[in-house]
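> quick one: sequence plus predicted model below, questions after.
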Amino acid sequence: MARDMDGGGHAVLTVRTDRGDLVLDNQIEAVLPWYRTPYRYIKRQSETNAGRWTRINDDRVGAVASITR
């Protein structure tokens, strides 16, 4: 889940690859690394449990991390 440029909620598909996390989005024509998109990321589906969400610290100033809630 992300916030778009207007602050609204927006869902995107991410995939973890050996080249980093990539984003497939219906509003952008190219597949991009997550940090090259215009969105602020809030949470993502857990890699280990499809019924859980993990929080994302998207400050883009330091390292990006996620924690399980």
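Great, that's in hand. Residues are numbered from 1 along each chain as shown.

> so how far is stretch 24-33 off the chain centroid?
Taking CA atoms, centre = their mean, to the nearest Å, the mean C-alpha location of stretch 24-33 is offset from the chain mean by 12 Å.

> what residues does it touch?
Asp4, His10, Val12, Leu13, Thr14, Val15, Arg19, Gly20, Asp21, Leu22, Val23, Thr37 (CB atoms under 8 Å, 6 or more residues apart in numbering). The C-beta positions use only the backbone N, C-alpha and C, and glycine is treated the same way.

> mind listing which of the residues you listed are in strands?
Using DSSP state E, the subset of the contacts of stretch 24-33 located in strands is His10, Leu13, Thr14, Val15, Gly20, Asp21, Leu22, Val23.

> give me the pLDDT for the spatially most central residue of the chain.
Residue closest to the average C-alpha location in the chain (CA atoms, centre = their mean): Tyr41, at 4.9 Å. pLDDT, Tyr41: 86.

> and it, how far from Val23?
To Val23, Tyr41 is 9 Å away according to CB to CB, to the nearest Å.

> quick one: common contacting residues for these two?
Common contacts of Tyr41 and Val23, defined by CB under 8 Å, 6+ apart, comprise Trp34.

> the residue nearest to the centre of the chain and Ile56 touch, don't they?
Yes - look at Tyr41 against Ile56 with CB atoms under 8 Å: they come within range, at 4.6 Å.

> grab the nearest non-local neighbour of His10.
Closest residue in space to His10, ignoring its immediate chain neighbours: Asp4 at 4.3 Å, by CB to CB, 6 or more residues apart in numbering.

> doesn't Thr37 make contact with that neighbour?
No - assessed by CB under 8 Å, Asp4 is found out of contact with Thr37, at 9.7 Å.

> the two: who's more crowded?
A direct count of neighbours by other CB atoms under 10 Å for Asp4 and Thr37 places Thr37 higher, at 20 against 15.
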